[in-house]
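*Asks:* Here you go, sequence then predicted model.
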Amino acid sequence: MLQSSGVGNTFFNFMNESRLTMTTQSAVSSAPAEQSFSIKSIIGPVMAVVVGMIMVILDSTVVNVAMPNLIEYFNTSVSTMQWSITAYTLALSAVIPLAGWLTDRYGAKQIFLITIVLFTLGSVLCSLAQTPEQLILYRIIQGLGGGMVSPIGMAIIFRLAPPGKQGSIMGVLGVPMMLAPAIGPTLSGFLVEYASWHWIFLVNLPIGIIALLVGIKYLPKFEQKSVPALDVIGMVLAPITFASLAYAVSEGGKDWGSTQTVTGLIVGGVALILFIMIELRHKQPLLELRVFGSSDFTRGIIISWLSMMALFGSFLLVPMYLQTAKGFSPMESGLMSLPQVIMSGLFMPIGGKLFDRIGARPLAIIGLCLVGSGLFMLSQISVDTGTGYVIMTLILTGAGMGLSMMPINTHILKAAPRRLVSRVTSLTAAAQQVVVSFAVAGLTGYFSSRVTHYMATAKEDQVAAMTSAFADTFLFAAYLALAGAVLALILRKPKVGQGDEQSDKQANAMSLGH
């Protein structure tokens, strides 16, 4: 989720007004800094951020492959266990908007390291869970601990890179953002098959320790400053809104007229209206909704949402299809993700470099068409579909994912007024996690309804019914990707005002430049 993660793949900038400063040996002007810039100068901070991000984003997908084992171990249902994924992503979205306030108040380095520690402790607790409810609770703790790792870390690196190199640097950082959720199934399959499901969480312990040590050594230190009053009402309404709507989407995939669905929609809808009203009137809102007044930003973020719903939904569905319909072992289904890993890793830096030259529109169109094509091919599967065919679909989705994801995200950041960048990135990061939770809840609910349909109407055996249900669900995801590609046709290069250019120069003249 990608995540991440998700997926991932989101970032956060601190407020320009905060004027956070990094301790450095000498001050430099913006022009010489751009001329003498070298990737070597930020290797230390990049490594600190990458290790932390890998751990957090990796955990967004490890549960996917282990799902059948978890259901059997806890003797529960798919609809219950999927909340171990949905609750995790919702927890991530709940704390992301707090990153700016906490880092201004206590310092970015301190908060980054604290969240690494909390996430690692949450992982250990997950490995000790004895009931489904305990696992879901501990996954929430994980999300609360890890939600700020990526946005804070990405902010540091984004502001260290000069304007002309932002696409390239973000492309480099995008590799772990996309590789982690893709590698997750492989690692999870290996651990589940040769050890136990507990190790999909315990593996975070050594990674967390490494991230902590590297962060202590290489991350810059920041000044602390006074901060405005926290938007407490927004903090309360946001999780109520998103959790209720995610529940409604999950239940709606089965029956949009059910009492559970209607209740979730009513509670979530009312909370959403109140949340929007309060955020638009608050001087320091939890989420800066005013930025939707920019058509460039709105188009970009809608495309990002459609892309993430298609991609991260497929991350969950493909391992389930391979294990339940094709009879693959956890390890085998995990290894099947390697072509997707390789292609996304190859195309991510290419997408970043091309963005600096041609912008986001052609990359978004081509990338999402590749993703849509791969998902459409998956919608044609049958009981007799060969492994080579599935691999080809994963190659297409991996290439499209790598080519389009970071250009779209960087476009969104550039489309926002510079004065609102800090507020905008918290909005995009939180919203993307919510979208991932909606995708997981909605697609699994839709899949369950299609299984019931085929079992009842066609009187198919269980494997045939599940295969047909997977095909329908992949087709729905393909439509989402292709809708994003169509919308990308009207994507345009963001206009940069004089004040924004000046902000860029001032920000990059600073050693940290938050």
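*Replies:* Looks like it arrived, so ask away.

*Asks:* Contact partners for the closest residue to Tyr194 other than its chain neighbours?
*Replies:* Distance criterion Cβ to Cβ, 6 or more residues apart in numbering; nearest residue to Tyr194, sequence neighbours excluded, is Met331 at 7.3 Å. Just so you know, the C-beta spots here come from the backbone N, C-alpha and C atoms, and that holds for glycine as well. Listed by Cβ atoms under 8 Å, 6 or more residues apart in numbering, the contact set of Met331 reads 189-190, 192-194.

*Asks:* distance of Met331 from Leu90?
*Replies:* Counting by Cβ to Cβ, to the nearest Å, the gap from Met331 to Leu90 is 30 Å.

*Asks:* Same check on Val117?
*Replies:* Taking Cβ to Cβ, one finds Val117 at 22 Å from Leu90.

*Asks:* more crowded one of these two?
*Replies:* Set side by side, Val117 and Leu90 show more neighbours around Leu90, with 27 against 14, by other Cβ atoms under 10 Å.

*Asks:* List the contacts of the residue nearest to the more buried one when sequence neighbours are not counted.
*Replies:* Leaving out its chain neighbours, the residue that sits closest to Leu90 by Cβ to Cβ, 6+ apart is Ser437, at 5.1 Å. Residues in contact with Ser437 (Cβ under 8 Å, 6+ apart) are 85-86, 89-90, 93, 242, 246.

*Asks:* from those residues, which single one is nearest Val291?
*Replies:* Ser93 (17.1 Å; Cβ to Cβ).

*Asks:* just checking, that closest one touches Met148?
*Replies:* No: counting by Cβ atoms under 8 Å, Ser93 sits too far from Met148 to count as a contact (11.2 Å).

*Asks:* more neighbours, those two?
*Replies:* Legend: neighbour count by other Cβ under 10 Å for Ser93 and Met148, higher for Met148 (30 against 24).

*Asks:* and the gap between the more buried one and Ala94?
*Replies:* From Met148 to Ala94 the distance is 11 Å (Cβ to Cβ).

*Asks:* What of Lys40?
*Replies:* 37 Å.

*Asks:* Compare these two (neighbour count), which wins?
*Replies:* Comparing Lys40 with Ala94 by neighbour count (other Cβ under 10 Å), the higher total belongs to Ala94, at 22 against 7.

*Asks:* OK, contacts around the more buried one?
*Replies:* 143-144, 147, 235, 238-239, 242, 430.

*Asks:* how about a cut-off of 10 Å?
*Replies:* For Ala94, the contacting residues are 140, 143-144, 147, 235, 238-239, 242-243, 286, 430, 433-434, by Cβ atoms under 10 Å, 6 or more residues apart in numbering.

*Asks:* Looking at those, which is nearest Glu72?
*Replies:* Distances from Glu72 to the contacts of Ala94, taken by Cβ to Cβ, are shortest for Ile140, at 22.9 Å.

*Asks:* residue contacts, the closest residue in space to that closest one that isn't next to it in sequence?
*Replies:* Leaving aside its sequence neighbours, Ile140 sits nearest to Ala91 (Cβ to Cβ, 6+ apart; 4.5 Å). Taking Cβ under 10 Å, 6+ apart, we find Ala91 in contact with 122, 139-147, 239, 243, 433, 437.

*Asks:* Neighbour-wise, which one of those residues leads?
*Replies:* Gln433 (34 neighbours).

*Asks:* Just confirm it is within a helix.
*Replies:* Yes: applying DSSP: H, G, I helix; E, B strand; the rest coil, one finds Gln433 inside a helix.

*Asks:* Thank you, goodbye.
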